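J.: just coords:
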């Protein structure tokens, strides 16, 4: 309640609409069921809201410059200011984690403006307190957006929210939006999470017949690749969900090729490897998913 009182006094005394907006965003983040549920997160929300205030202020300044003859169109100047100011979307990650890589891919493919914060998950000092305030389970990825009003955890849930275009400045990753494409995306995400991850883990840890089972599974999925991406011409969340796992299995047991019944998956992996959003997330050292 100390923080709440401080925020309310700031609201009453500040002449800056950006600061006032950030204050109300912070209070909303602390009390709303779609944000957090405790004032214990207010110090973290304050810092996130400060970024939101800076971004809003930059846009206001750009609009004022344009309207007073500062050169260039209003939207162009405003967008330039936004690109140069702190993003209100924060992405907390560890680059070696496949679950975090899924979200990183979606943020990049969706052209979402964001700031990345690398979290040391296994350091001597333990996970930072501010991160545990965001996700008490201490797991990455975590995404905060709308000035901290929304805190998103669980990689598949975050992918769904990005696919729906709810992240500030991003675009939808639902392909053509048809029912057929939505069904394909759901099928791929389900197959990766309930089949590939399970059988792939056994193949890595136990080898032998489990490798044969993995190859049979991948061969059965190969025909589901539409091309050039999993569900057609555009990157969707299905590609973001599948790539970290199929890429690791290809690195471990591959190369997957036409000769071993995975020609479509091979072409898809190569296409992803040429796509900037995917290339950016590939690490020379990486973790498995267990």
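T.: That came through fine. Since the structure is predicted, the reported quantities are computational estimates derived from the model, not experimental observations.

J.: can you give me the strands in the protein?
T.: Listed in chain order, the strands of the chain (DSSP state E) span 90-93, 115-118, 142-145, 150-153.

J.: all helices of the stretch 101-250 of the chain, in order?
T.: Assignment of helices within the stretch 101-250 of the chain using DSSP state H, counting those that start in this stretch yields the ranges 129-134, 155-163, 179-191, 197-206, 209-222, 237-253.

J.: which helices and strands sit right next to the second one?
T.: Contact here means 3 or more C-beta pairs under 8 Å, 6 or more residues apart in numbering; DSSP states H and E; on that basis helix 155-163 packs against helix 98-109, helix 179-191, helix 237-253. Quick note: C-beta positions are derived from backbone N, CA and C, even for glycine.

J.: Tell me the spacing between residue 110 and residue 228.
T.: Distance from residue 110 to residue 228, counting by C-beta to C-beta, to the nearest Å: 18 Å.

J.: So for the two, which sits in the more crowded spot?
T.: Comparing residue 110 with residue 228 by other C-beta atoms under 10 Å, the one with more neighbours is residue 110, at 21 against 16.

J.: Leaving out sequence neighbours, find the closest residue to that one.
T.: The shortest distance from residue 110 to any non-neighbouring residue, by C-beta to C-beta, 6 or more residues apart in numbering, is to residue 170 (4.1 Å).

J.: what's near enough to touch the one you found?
T.: 107, 110-113, 162 (C-beta atoms under 8 Å, 6 or more residues apart in numbering).

J.: any idea which of the residues you listed has the most stuff around it?
T.: Greatest neighbour count in the contacts of residue 170, by other C-beta under 10 Å, goes to residue 162: 28 neighbours.

J.: Quick check, pLDDT for the closest residue in space to that one that isn't next to it in sequence.
T.: Nearest in space to residue 162, with sequence neighbours left out and distances taken as C-beta to C-beta, 6+ apart, is residue 106 at 4.4 Å. What the model reports as pLDDT for residue 106 is 97.

J.: I'd say residue 106 and residue 240 touch.
T.: Yes. If you go by C-beta atoms under 8 Å, residue 106 and residue 240 touch, sitting 4.4 Å apart.

J.: where do the contact lists of the two overlap?
T.: 159, 173.

J.: Please report how far the most centrally placed residue in the chain lies from residue 234.
T.: By C-alpha atoms, centre = their mean, the chain has its centre lying nearest to residue 103, at 3.0 Å. For residue 103, the distance to residue 234 equals 18 Å [C-beta to C-beta].

J.: likewise residue 187?
T.: 17 Å.

J.: Now do the spatially closest residue to residue 140 that is not a sequence neighbour, the pLDDT please.
T.: Excluding the flanking residues, the one nearest residue 140 by C-beta to C-beta, 6+ apart is residue 100, at 4.5 Å. Note for residue 100: predicted pLDDT of 98.

J.: got it, and the one 3 residues further on?
T.: pLDDT recorded at residue 103 is 98.

J.: What sits closest to it if chain neighbours are left out?
T.: For residue 103, ignoring the flanking residues on the chain, the nearest one in space by C-beta to C-beta, 6+ apart is residue 141 at 4.4 Å.

J.: in this structure, what spans have low per-residue confidence?
T.: 1-87 (pLDDT under 70).

J.: If you tally nearby residues, what's the number for the residue nearest to residue 140?
T.: Residues near residue 100, counting by other C-beta under 10 Å, number 27.
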